[in-house]
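Asks: I'll drop the sequence and a predicted model, then ask my questions.
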Amino acid sequence: MAAGENVFVLFALVVSIPVESAVNQELSQFLGDKEEVLRTLESAVLAGYQRQCETHCSFDRNIYACSSPVLGAESVCSQEYGVSMFTGVGCATCNNRKLSVSQSFIRTPSQEATCTDALNRDICLSQGLDSSFLDNWSSLNGRDNGVKWQFFASHSGMSRMFPGVAQERCYDYDPRLRSWYVSATTGPKDVVIVIDSSDSMAFRPSTSSLTLMELTKEAVTSVLWTLTHLDYVAVVSFATLAQQLTIQDKNTLIQATSDNIQALTQKVKDVEPNGHTNFEAAFRTAFDILQRSEVVSRTAGCNKMVLFMTDGEPTRGEREPEQLTQIISSLNQRDDGGKVASIFTYSVGELADTTITKEIACNEGGVWSEVESVGKASLAEQLSRYYDYYGTLREGQGQVIWTQPYMDAFGAGEVVTAAKAVYNTSSVLQTFLGVVGIDVATSAIEKITTDRQDMSDTLRSRSSTCVDIRVSSRCELEQLRQKVYEQGTIRYENNSAKWCDLSSAQECGLSTSEPCEKQTVQYRDCVNHSTAEVDYVAISCCGRYDQPCPSYSTRISGSWIVLMLLTMSVLIDVFLPL
C-alpha cells in the first residue's frame, strides 16, 4: 500500500468515528424523547387508579371504536395512518383516514368481556388519559417525530387508543395477546415449549372439529407470536422419545426474531401424533436445552420458563409420580438452591389425566391448568396467559421495552412499539394495571440510521433489563391457580381441584378489588356495541374521491362477501401474530 493510501485510510477512520458517535447520540436522543412520552402516559394511568375512590364515571364520554359516530370538526383527515381495511376493496381512491383528535376510542376483547365490572372499571379509571394524549399530540404535532398511536391496554383487556379511529369489526383485538404487551410484562426471557405428540393426541372430541394435536399446534403458534427479539425460545416434541424442533441445526435456544418464529411455527405444523408418552424424556430434553444455551451464551440471561402440555399420563420412562417429580426437581435445581425455570403445566382435553401434571407444577412452585378442548377457555387463550405469573409477582416498576419493526395491525405501516408495564404501588402489594405504549414509524428512525442491524441492536440494548420476580407467598400462587381465562374475561373460581394445598382454600381466599364507599360508576350506560347500524366507509374514510365509494351495506352483499373474506384471511395471516 502506498503512503498516500495509508493517509486516506487513517483519515477515513478518524472521520468515521465521530460521525458514528453523532448518529448513535442522535438515535439515543430520539428514542429517549419517546420514552419520556411513555412515562407521561404511565403517570396519567397511575393518577387515575390511585384516585379510584374519588372517581365518578359517565360512559357518555367514551366512544367504542367499532360503533363510533361520524366524526365532524373534531376529526382530521390523515394520509399518515394508512387506509381502512374495507376501503382497499373496490374504492381505491379512499386513501385517507378520519382520526379523532379530541378523544381516544375504546376497544374490548370480546362480547363476553364488554360491560363486565372489571372492564368498566378500567374504562372509568383511564378516562383521564385523554388529557395526556392530547398534550402529547399538541407538542408533537407538526414535528417529524414518527409517533403514530398512543395507547393503554388494561389487565382486563380494555384498550384505549389515540388518535381515535374506527374499528372494522367488534371484538377482534385482544391487546394482552400482543408481543409488546407480553414483553413489557415479562421482560426478556427464555422459553421452552414442550408438546405431547403421542398417539392419543390424534383424538377428536365429539364436540370439536379439531383434534387435540391441532388444538395444541394452534396454541403453540399463538404463544410463539407473543415473543419478541428480546426473547430466546425452543420447542420440544415428545412421544416415546423427545426431540427438539431445530432451526438451522441449532440444538440450543434461538433468538425469537420474526424470521425464526416463522420458521419454528412451520416446524410445529409438521408435527404428527405417533408413539407413547414419555414425560421424563421431555423434561430432560427441555433442561438440556437450557443448559447448553447457557454454555454458549445463547440466552436472554433473565427469567426462564417451561410450558408443558399433555393429554395424558406417562407410559414410557419413569411413570411413578413420586419418582418422576423428584427427577424434575433435580433437573430444575440451581447450584444456589433456586429454581432454574418456572414450570407451567397444562392438561389438554376433558379426558386428560390431571394428577401428575398438577403435582409437577405444585412441586415446582408453578401453575397447573386444566384446559378442556371445548367449553371453557381455549388452549391458546389459557397458554398465552403465562405472562400473568410475572405480572403478578414482579418486583418494582416496569421498564421500557422496544419491539423489532413490524407491520401495524391498524394500518399505519411499519412501526416499532415502545411499551411499559404499569404498577400501582400505593397498596400493600403492588398491583399490575396494564401496559402503556406508543407506536413509532420506522421511517422516522431511518432518517437517523438506515442500518437495520444497528437499529435492532440499539432497541435491544434499551430493553435488556431483567424482570425481578419476588419470592411469592403461598396464597399469591394459590390465587393465580384459581384464575380462569374465558372468552376474553378473567375471573376467579374456588375450584378444590386447583388448590395445591387444600388448607389454602380457607386461609387464602380469592382476590377482590378494594371497595370504595362513595364511588359512582354508571354501569347502566354500558352496552354491547355493534356495527349493525354503522356505515364503516362513512366513519372511516375521507379525502378526494374520483369515484363514489359504495356504502358498507352494499359492499357486503352478493359477490363482495367472497372477496371480503379472502382479503380478511390474508390480512389476518399477516398481522395477527404481531
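Replies: Done, it's in.
Asks: where does the stretch 101-250 of the chain dip in pLDDT?
Replies: For the stretch 101-250 of the chain, the stretches flagged by pLDDT under 70 are 141-144, 207.
Asks: What is the least confident helix or strand in this structure?
Replies: Within the chain, judged by mean pLDDT, DSSP states H and E, the helix or strand with the poorest mean is helix 552-555; its value is a mean of 34.
Asks: any idea how far stretch 453-467 is from the chain center?
Replies: Centroid separation between stretch 453-467 and its chain, computed with CA atoms, centre = their mean, to the nearest Å, is 18 Å.
Asks: One more: stretch 473-491?
Replies: The chain centre lies 18 Å from the centre of stretch 473-491; the measure is CA atoms, centre = their mean.
Asks: Then stretch 412-419?
Replies: On CA atoms, centre = their mean, the centre of stretch 412-419 falls 14 Å from the chain's centre.
Asks: That stretch: which residues count as buried?
Replies: A412, G413, V415, V416, T417, A418, A419 (16 or more other CB atoms under 10 Å). Heads up, the C-betas are built off the backbone N, CA and C, glycines and all.
Asks: what comes into contact with it?
Replies: With CB atoms under 8 Å, 6 or more residues apart in numbering as the test, stretch 412-419 has contacts from 31, 34-35, 38, 80-82, 148-149, 180-181, 183-184, 400-408, 435-443, 445, 459.
Asks: Closest to the centroid, which residue in this protein?
Replies: Nearest to the mean C-alpha position of the chain, by CA atoms, centre = their mean, lies R178 at 2.8 Å.
Asks: I'd say it and T226 touch.
Replies: Yes: taking CB atoms under 8 Å as the definition, R178 is a contact partner of T226 at 7.3 Å.
Asks: can you pull out the strands in the stretch 51-200 of the chain?
Replies: 56-57, 63-64, 75-78, 96-100, 105-107, 147-154, 159-162, 189-196 (DSSP state E, counting those that start in this stretch).
Asks: Show me the one of these that comes nearest Y49.
Replies: Y49 lies closest, by CB to CB, to one member of the strands of the stretch 51-200 of the chain: strand 147-154, at 9.7 Å.
Asks: Run through the bridge partners of A441.
Replies: V415 (DSSP bridges).
Asks: how close does it sit to G413?
Replies: Distance of A441 to G413, given as CB to CB, to the nearest Å: 6 Å.
Asks: Following element in sequence after the one helix or strand T392 maps to, please.
Replies: For T392, the element it lies in under DSSP states H and E is helix 387-393. Once the chain leaves helix 387-393, the next helix or strand it forms, by DSSP H and E, is strand 401-402.
Asks: L140 contacts V147, correct?
Replies: Yes: counting by CB under 8 Å, L140 touches V147, with 5.5 Å between them.
Asks: Tell me which of these two has more neighbours.
Replies: Looking at L140 and V147 with other CB atoms under 10 Å, you find the greater number of neighbours at V147, namely 20 against 17.
Asks: residue contacts, that one?
Replies: Shown in contact with V147 (CB under 8 Å, 6+ apart): K34, V37, N136, L140, I438, D439, V440, A441.
Asks: Need the nearest residue in space to the third one, chain neighbours excluded.
Replies: Meaning N136. For N136, ignoring the flanking residues on the chain, the nearest one in space by CB to CB, 6 or more residues apart in numbering is V37 at 5.4 Å.
Asks: Return the residues in contact with that neighbour.
Replies: Contacts of V37 by CB under 8 Å, 6+ apart are N136, L140, V147, Q150, I438.
Asks: How many residues are close by the fourth one?
Replies: Counted with other CB under 10 Å, the neighbours of Q150 add up to 25.
Asks: With the first one instead?
Replies: The criterion is other CB under 10 Å. On that basis, N136 has 21 neighbouring residues.
Asks: And the buried residues of stretch 412-419, which two are furthest apart?
Replies: Comparing every pair within the buried residues of stretch 412-419 by CB to CB identifies G413 and A419 as the most remote, at 18.4 Å.
Asks: Output the below-cut-off pLDDT ranges for the stretch 351-500 of the chain.
Replies: Confidence mapping of the stretch 351-500 of the chain against pLDDT under 70 gives the ranges 372-378, 380, 427-428, 472.
Asks: now the helices: where do they sit in it?
Replies: Assigned by DSSP state H, counting those that start in this stretch, the helices in the stretch 351-500 of the chain fall at 355-363, 379-383, 387-393, 442-445, 452-461, 474-481.
Asks: circling back to that earlier point, tell me which of the buried residues of stretch 412-419 fall in strands.
Replies: V415, V416, T417, A418, A419 (DSSP state E).
Asks: Can you point out the buried residues in stretch 465-484?
Replies: V467, I469, E476, L477, E478, Q479, L480, R481, Q482, K483.
Asks: same deal with stretch 326-342?
Replies: For stretch 326-342, a neighbour-count test (16+ other CB under 10 Å) marks I327, I328, L331, N332, V340, A341, S342 as buried.
Asks: for it, what is the average pLDDT?
Replies: Across stretch 326-342, the average pLDDT comes to 94.
Asks: who's in contact with it?
Replies: With contacts defined as CB under 8 Å, 6+ apart, stretch 326-342 is touched by 190, 192, 280, 283-284, 287, 290, 303-306, 318, 343, 360, 363-366, 389.
Asks: Select only the buried ones of those in ChimeraX?
Replies: For the buried members of the contacts of stretch 326-342, the matching ChimeraX selection, counting by 16+ other CB under 10 Å, is:
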select :190,192,280,283,284,287,290,303,304,305,306,318,343,360,363,364,366,389
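Asks: Which secondary structure elements does the helix holding T392 sit against?
Replies: Applying 3 or more CB pairs under 8 Å, 6 or more residues apart in numbering; DSSP states H and E, we find helix 387-393 packed against helix 179-186, helix 474-481.
Asks: Which strands or helices does the last one pack on?
Replies: Think helix 474-481. Under the contact definition 3+ CB pairs under 8 Å, 6+ apart, helix 474-481 sits against strand 367-371, helix 387-393, helix 504-507.
Asks: likewise the first one?
Replies: Using 3+ CB pairs under 8 Å, 6+ apart, the elements in contact with helix 179-186 are helix 387-393, strand 401-402, strand 414-424, strand 431-441.
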